[in-house]
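Based on what follows, work out the 3D shape:
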Amino acid sequence: MSKTYKVTGINLKTQDFGESDRIVTILTPELGLIRVVAPRARKHLSTLRGRCGIFVVNELLISRGRSIDRIAQAQTIASYPGLAENLGKLLAGQYLTELVLFQALSEQPQVEIYILLNEHLSRLQGLSGVRTTMILAYLSHGIYQLLAFAGLAPQLRTCCITHHQLMPELILNPHWYVGFSINSGGTICLQAWENLKAQASKKSSKIEGYGVTHKEDLNPLKYETMINPLEVPKISYRLNAKQLSQFQRLLQPEVMPEYIARDDNWLLVEKILRQYTEYHFGYPIRSAALIDSYFAPEL
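Okay, the predicted model is just below:
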């Protein structure tokens, strides 16, 4: 086995190690997630100092170690300095990298998620004349695309109960609403939900039977067995036609038009996607803690 190997990777996370080293978690298309030591990276004159920053893409020569591998050489080929120039962009970029850490695998090629992350970081960096709503729109789009890659994207076009298509009635019915269920996986027709609740109520019943606790007992003990009603999804949110229309925009792979990205409902969209993501991954999104406090005042 060779003592060194080459990979290309984007830095997702760093932590101090020893007196002057850093441990860097890197997403590579060739080997998935790797954790390596960047020796002396915290020293002021170290050539690795700037190459160990978050969102920096390097070509790496790595030497194998007994317990953890070490960076021998690094050459930066890309970075996203524009993210650090705006706190909103920086928070959004950290948010997306945390989702990648939830789902990326080690010791397996991760080409698609590597490309996907770099694409969405590039889109965030490219935003100019930034409004809060546009950052949230691009962040929400990135969240949805990463969920789709993991096979966990919420259902947004059809009802989770009937599987019928849901078409937002933007003009004909201003009072049109649809449910969104986090635990059931997406949108739900409210009429179908009401019908399911009614069916569940009717099917809740008892079956009586008899049992004997002791052979010598001549009077058997009466028991009751409950039949569980149909499982009725919990409605987490009710979305109007405009809000559902915005959610459905996330299904498109291309960058959304600016007039859509400027809408004020994106804070709600991100909030719902965050709760959905945390529920289905089973982890809190730590980097999202500042999202509410930073973005809400401008909306």
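
Pop the domain breakdown of this structure in here.
4-79, 82-154+250-298, 157-239 (automatic domain parsing).

Would you mind giving the ones you listed as CSV with mean neighbour count and mean pLDDT added?
Any C-beta I mention is one placed from the backbone N, CA and C, and that applies to glycine too. Formatted as CSV, the domains of the chain follow (neighbours: other C-beta atoms under 10 Å; pLDDT from 0 to 100):
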stretch, mean neighbour count, mean pLDDT
domain 4-79, 17, 95
domain 82-154+250-298, 17, 90
domain 157-239, 14, 77
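
Wasn't Ser140 part of a helix?
Yes - Ser140: assigned to a helix according to DSSP: H, G, I helix; E, B strand; the rest coil.

who are the neighbours in contact with it?
Leu250, Trp266, Val269, Glu270, Leu273 (C-beta atoms under 8 Å, 6 or more residues apart in numbering).

my read: the second one touches His141, true?
No - counting by C-beta atoms under 8 Å, no contact exists between Trp266 and His141, whose distance comes to 9.7 Å.

which residues are common contacts for those two?
Residues touching both Trp266 and His141 by C-beta under 8 Å, 6+ apart: none at all.

Looking at the contacts of Ser140, which is nearest Ile68?
Leu273 (34.5 Å; C-beta to C-beta).

is it true that that closest one lies in a helix?
Yes - under three-state DSSP, Leu273 sits within a helix.

ok, now how distant is it from Leu146?
10 Å (C-beta to C-beta, to the nearest Å).

Give the next helix or strand downstream of the helix or strand hosting Ile143.
Element membership for Ile143, per DSSP states H and E: helix 132-149. As assigned by DSSP H and E, the chain's next helix or strand after helix 132-149 is strand 177-181.

chain center to the following helix or strand past that following strand: distance?
Using DSSP H and E, the helix or strand that follows strand 177-181 towards the C-terminus is strand 186-188. Averaging C-alpha positions (C-alpha atoms, centre = their mean, to the nearest Å) puts strand 186-188 17 Å from its chain's average.

before we move on, what about stretch 281-288?
Using C-alpha atoms, centre = their mean, the offset of stretch 281-288 from its chain centre is 8 Å.

now do stretch 22-34
Centroid separation between stretch 22-34 and its chain, computed with C-alpha atoms, centre = their mean, is 19 Å.

What of stretch 109-128?
For stretch 109-128, the distance to the chain centre is 14 Å (C-alpha atoms, centre = their mean).

what does that stretch contact?
Residues outside stretch 109-128 that contact it (C-beta under 8 Å, 6+ apart): 10, 27-33, 55, 57, 78, 80-83, 89, 92-93, 96-97, 100, 103-104, 134-135, 138-139, 141-142, 145-146, 149, 255.

again with stretch 178-192
154-162, 164, 166, 168, 177, 193, 233-239, 244, 247, 272, 275-276, 279.

same deal with stretch 82-101?
Residues contacting stretch 82-101 (C-beta under 8 Å, 6+ apart): 12-13, 25, 27, 33, 54-55, 80, 113, 117, 120-121, 124-127, 130, 132, 135-136, 138-139, 142-143, 146-147, 277, 285-288, 290-291, 294-295.

Would you mind extracting the C-alpha trace of the longest strand seen in the chain into PDB?
Selection of the longest strand in the chain by residue count, based on DSSP state E, yields strand 4-17. Provided in PDB are the C-alpha atoms of strand 4-17 (Å, rounded to 0.1, in the frame of the first residue of the first chain):
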ATOM      1  CA  THR A   4       0.700   8.700   0.200                       C
ATOM      2  CA  TYR A   5      -2.400   9.400  -1.800                       C
ATOM      3  CA  LYS A   6      -3.900  12.400  -3.700                       C
ATOM      4  CA  VAL A   7      -7.400  13.800  -3.400                       C
ATOM      5  CA  THR A   8      -9.300  17.000  -4.100                       C
ATOM      6  CA  GLY A   9     -11.500  18.200  -1.300                       C
ATOM      7  CA  ILE A  10     -13.500  21.100   0.200                       C
ATOM      8  CA  ASN A  11     -12.900  21.900   3.900                       C
ATOM      9  CA  LEU A  12     -16.100  21.500   5.900                       C
ATOM     10  CA  LYS A  13     -14.900  21.700   9.500                       C
ATOM     11  CA  THR A  14     -11.700  22.400  11.500                       C
ATOM     12  CA  GLN A  15     -10.700  22.000  15.100                       C
ATOM     13  CA  ASP A  16      -7.500  22.700  17.000                       C
ATOM     14  CA  PHE A  17      -5.200  19.800  17.700                       C
END
